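S.K.: Okay, sequence plus prediction incoming.
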Amino acid sequence: MTYGSQNNVPLAQSAVLRSGGSTTWLNHLADYWTLTKPEVNFLVLVSALVGFYLAAGGAVNGWLLFHTLMGTLLVASGTGTLNQYLERRTDAFMRRTANRPLPAGRLAHGRALWFGILLSVVGGAELWIAANPLTSALALATLGSYLVFYTPLKRRTPLCTLVGAFPGAMPPLIGWAAVRNSLDPQAWVLYAILFLWQFPHLLAIAWMYREDYSRAGLQMLPRNDHDGRATVRQIVACTLALLPVSLIPAFTGHAGIVYLIGSGILGAAFLYCGARMAAQRTNIIAKQLLMASILYLPMVFALLMLDRTAG
């Protein structure tokens, strides 16, 4: 592929960008929306919401909740945008990402960079002013560690998934800190649930798109794991560990019997999906595990919010 000298986009596509003749403002708006990774931000907001709600314990400050979620959304959107900026070249080699705005040449790279910076700065400032400095620091630390450590490590070592799980589990802490300006043990239980959940979720995606990742030089799976045995061992181990960890709120008095039974059933079902992938390492089974992970997390958090106790 031949790249232009200024923006590193294909020459023909660069000409389209300069002329602007084939792109409407609505198309540009859709491309900027895509840069923010809205599908990821949904789970980020759900996780921040549960941290906020449980930390509140009683009546919820609606104005604080609004600013917490909005600030978190802006920082998360900035993170997604800057991640796509940094990975624009590798994205061009993968079928699932080649049509993103930057590798496809629909947006100039400099605009995406400044858009991501603007979102991050505004979001961090909103959390600082409307909530407290701790909340802002946690959000910006998530952004920094995701971009500085996780993103470049994807090209160097399969340990990137482990490294990325640490900032990836931060949203409940952000919501919690917004209310209490501190991090209590219950907040870290939420962190642990989200931390463990990420492994089956991300490894299912990595297995489904292993050829894409290999083509782009990204090391998302264990090295030389051509038959997937090492991958499914990690999936089963993490779904197995997630089951008892998710039950902790019920045993510490922060949730009741409804949560205990419901989260136990959901955890067992999630473990079953992981075990199925261990038995049949196909893309279809991996996709089913991915769908199970997407359903599992908001359902467990919803149960926890509905069946919370005074602790």
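M.R.: Received it, and whenever you're ready, just let me know what you need. Computed from a predicted structure; not experimentally measured. Residues are numbered from 1 along each chain as shown.
S.K.: So what touches stretch 143-159?
M.R.: 75, 78-79, 82-83, 86-87, 90, 120, 160, 163-164, 166-168, 217-223 (C-beta atoms under 8 Å, 6 or more residues apart in numbering). (Glycine included, C-beta is placed from N, CA and C.)
S.K.: repeat that for 7 Å
M.R.: Stretch 143-159 is contacted from outside by 75, 78-79, 82-83, 86-87, 120, 160, 163-164, 166-167, 217-223, using C-beta atoms under 7 Å, 6 or more residues apart in numbering.
S.K.: can you check stretch 293-301 too?
M.R.: Applying C-beta under 7 Å, 6+ apart, the contact partners of stretch 293-301 are 43, 46-47, 50, 197, 200-201, 204, 246, 263, 266, 270.
S.K.: swap the cut-off to 10 Å and go again
M.R.: The contact list for stretch 293-301, computed with C-beta atoms under 10 Å, 6 or more residues apart in numbering, reads 39, 42-43, 46-47, 49-51, 53-54, 172, 190, 193-194, 197-205, 235, 239, 242, 246, 249, 259, 262-263, 265-267, 269-270, 273-274.
S.K.: Out of these, list just those in helices.
M.R.: Among those, the residues falling in helices (DSSP state H) are 39, 42-43, 46-47, 49-51, 53-54, 172, 190, 193-194, 197-205, 235, 239, 242, 246, 249, 259, 262-263, 265-267, 269-270, 273-274.
S.K.: Weed out the non-buried ones from those residues.
M.R.: Neighbour-count burial (16 or more other C-beta atoms under 10 Å) applied to the ones in helices among the contacts of stretch 293-301 gives 43, 46-47, 49-51, 53-54, 172, 190, 193-194, 197-205, 235, 239, 242, 246, 249, 259, 262-263, 266-267, 270, 273-274.
S.K.: one step back: ok, of the contacts of stretch 143-159, which come out buried?
M.R.: Buried members of the contacts of stretch 143-159, counted by 16+ other C-beta under 10 Å: 75, 78-79, 82-83, 86-87, 120, 160, 163-164, 166-167, 218-222.
S.K.: Let's see which of those residues end up in strands.
M.R.: Within the buried ones among the contacts of stretch 143-159, no residue falls in strands by DSSP state E.
S.K.: So Y150 versus I265, what's the distance?
M.R.: 32 Å (C-beta to C-beta, to the nearest Å).
S.K.: Over to W176?
M.R.: For W176 relative to I265 (C-beta to C-beta), the value is 26 Å.
S.K.: shaky segments in the protein?
M.R.: Residues of the chain meeting the criterion pLDDT under 70: 1-23, 309-311.
S.K.: So which residue is dead centre in it?
M.R.: For the chain, the residue nearest the mean C-alpha position is V40 (5.0 Å; C-alpha atoms, centre = their mean).
S.K.: quick one: that one and T81 touch, right?
M.R.: No - assessed by C-beta atoms under 10 Å, V40 is found out of contact with T81, at 11.4 Å.
S.K.: Just give me the neighbour total for the nearest residue to the residue nearest to the centre of the chain once chain neighbours are set aside.
M.R.: Using C-beta to C-beta, 6 or more residues apart in numbering and skipping residues adjacent in sequence, the residue nearest V40 is G80, 6.2 Å away. Look at G80: counted by other C-beta atoms under 10 Å, it has 23 neighbours.
S.K.: check contacts around the closest residue to P249 other than its chain neighbours.
M.R.: In this structure, P249 finds its nearest non-sequential neighbour in A255, 4.0 Å apart by C-beta to C-beta, 6+ apart. By C-beta under 10 Å, 6+ apart, the contact list for A255 reads 54, 186, 247-249, 262-263, 303-309, 311.
S.K.: Could you give the bridge partners of A255?
M.R.: Legend: beta-bridge partners of A255 under DSSP bridges are R308.
S.K.: how close does it sit to I248?
M.R.: Distance, A255 to I248, by C-beta to C-beta: 9 Å.
S.K.: Which residues are in contact with each of the two?
M.R.: The contact sets of A255 and I248 overlap at 186, 263 (C-beta under 10 Å, 6+ apart).
S.K.: hmm, back to that, and the residue nearest to V40, how far is that from N41?
M.R.: G80 sits 7 Å away from N41 when distances are taken as C-beta to C-beta.
S.K.: what's the overlap in contacts for the two?
M.R.: Residues touching both G80 and N41 (C-beta under 10 Å, 6+ apart): there are none.
S.K.: Could you check how many residues crowd around D31?
M.R.: D31 has 18 neighbours, counted by other C-beta under 10 Å.
S.K.: quick one: it from A255, how far?
M.R.: On the measure of C-beta to C-beta, D31 and A255 end up 42 Å apart.
S.K.: What residue, apart from its backbone neighbours, is nearest R180 spatially?
M.R.: Nearest residue to R180 in three dimensions, chain neighbours excluded: A55, at 5.1 Å (C-beta to C-beta, 6+ apart).
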